[in-house]
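**Q** Make a model of this:
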Amino acid sequence: MKDLHAPYVSQLSFTIVPDMASPGAFDSAVKGVSGIMHMASPFVLSPTNNETDLLQPAIQITLSVLNSAAAPDTTVRRVVLTSSFASILDMAQGYRPGYTYTSADWNPMTYAEAAVADGPTAYCASKKLAEEAAWAFMAEKKPAFELSAICPPWIFGPALGPIASLTHLNESTEAIYKLLNAESVPAVEFAGFADVRDVAVAHLRAYERPEAAGRRFLVGSHFDYQTAADVIRARLPELRERVPEGTPGAGLTADVYQVDGSEAARVLGVEYTKLEDTMKDTVGGLLEAEKRLGVEVK
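**A** Numbering: from 1, shown residues only. All right, here's what the predicted structure looks like:
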C-alpha cells in the first residue's frame, strides 16, 4: 500500500486488526478518526459452511465496526458502508424483463434461506444481511455518527497497481479476462456495472456530502457481455480474433432488468464512465500483464 500511494505515504498510518469480527476489534483503529469506509467482507463463492464462512463474518464485522465507531470517546461523524447490488437484487426473479432496480429495492432472502443456499446466492445474501444489520443498528442505537451505503454491481476498470498474476484475479476482472478467450458470448449474470473510479468517487462524496446521510445508493448502469464484446472489438481491434462476435447490438435489446443509478448521479454527483472506456482500461491492464508476465496467448 505504501508503494502504491508513495506520494502520500506521510499521510498514511496502519492499524493491524487480527480478528475483525471480535468485540472491540476496531476500538484503537477509530480513535481520532472522523470518517470510516467499511469495505471488508468475505467473498467466498464455494463456502464449506454458509454461516461460518459468509453470513456471520459479514454481519459481525460490520457490527464490530459500528460498535467501535459508536463508543463515547470517538469523533466519528460518518460511516460509509460498501454494500452491493447483491443487497438490492431479487435473484429469485431471474432476468425480470421490464423491471428497473433502484436503491429502494431489497434482496428479500432471509438468514434461514441463505444458510442452506448455494454459494453465490449465500454471498449475495451475506451482503444484504450485513447492510440490513447496519441500518438496524442505526435505528436502535442512534449513534452520533451518520451512515451511508454504496451498492455497486460488477466493478470493472484499471487495477490500482500492476497485475501480479492472471490466474488469481478478482472476480470481476476475471470475468472480463475470460471474455477475451471465450468461444461464445456468456449469458448475463448481473446486468449492471460500475467503473471502479466512479465507485471511489461515490464513497468519497457519501462521506463528504451532508445530503448523503441516512441513504443507500445504487451506483452503476446497464451491463451485458454482448455489449462488452462489441465495445472491446471496436476499441481494441487487435483483439477481434480473441473476443467472440456473438450478435452485435443484441445486448442492448435483451429481455433483462435495468439498473437505475440516477440517485447517485444526482445526490453524489457521480458522472458515470462509459462502458467502452471502462472496458478499454480494464482490458488494457490485462494485455499489459500478459506481456509483462510472458503469458502465451492462444
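
**Q** Give me the domain ranges for the chain.
**A** 36-151, 154-190+222-298 (automatic domain parsing).

**Q** the strands in the stretch 101-250 of the chain, which residues?
**A** 146-151, 154-156, 192-195, 216-218, 221-222 (DSSP state E, counting those that start in this stretch).

**Q** Report the buried residues of stretch 47-58.
**A** For stretch 47-58, the neighbour count (16 or more other C-beta atoms under 10 Å) marks 47, 50-51, 53-58 as buried. Where C-beta positions appear, they are placed from N, C-alpha and C, glycine not excepted.

**Q** Let me fix that, I meant to ask about stretch 82-94.
**A** Of all the residues in stretch 82-94, those buried under the rule 16+ other C-beta under 10 Å are 82-91.

**Q** So which of the buried residues of stretch 47-58 belong to strands?
**A** Nothing among the buried residues of stretch 47-58 maps onto strands, per DSSP state E.

**Q** one step back: how about the strands of the stretch 101-250 of the chain, which one is nearest Ala21?
**A** strand 146-151 (19.3 Å; C-beta to C-beta).

**Q** show me where pLDDT drops low in this protein?
**A** 298 (pLDDT under 70).

**Q** which residues sit in contact with the residue most central in space within it?
**A** Nearest to the mean C-alpha position of the chain, by C-alpha atoms, centre = their mean, lies Pro152 at 4.8 Å. Contacts for Pro152 (C-beta atoms under 8 Å, 6 or more residues apart in numbering) come out as 84-85, 194, 199, 202, 218-220.

**Q** just those residues now: which is nearest Ile232?
**A** Among the contacts of Pro152, and counting by C-beta to C-beta, the member closest to Ile232 is Ala194, at 17.8 Å.

**Q** My guess is the closest one contacts His222. True?
**A** No. Counting by C-beta atoms under 8 Å, Ala194 stays clear of His222, with 10.9 Å between them.

**Q** Would you mind telling me which of the two has the busier surroundings?
**A** Neighbours per residue (other C-beta atoms under 10 Å) separate Ala194 from His222, with Ala194 holding more: 31 against 20.
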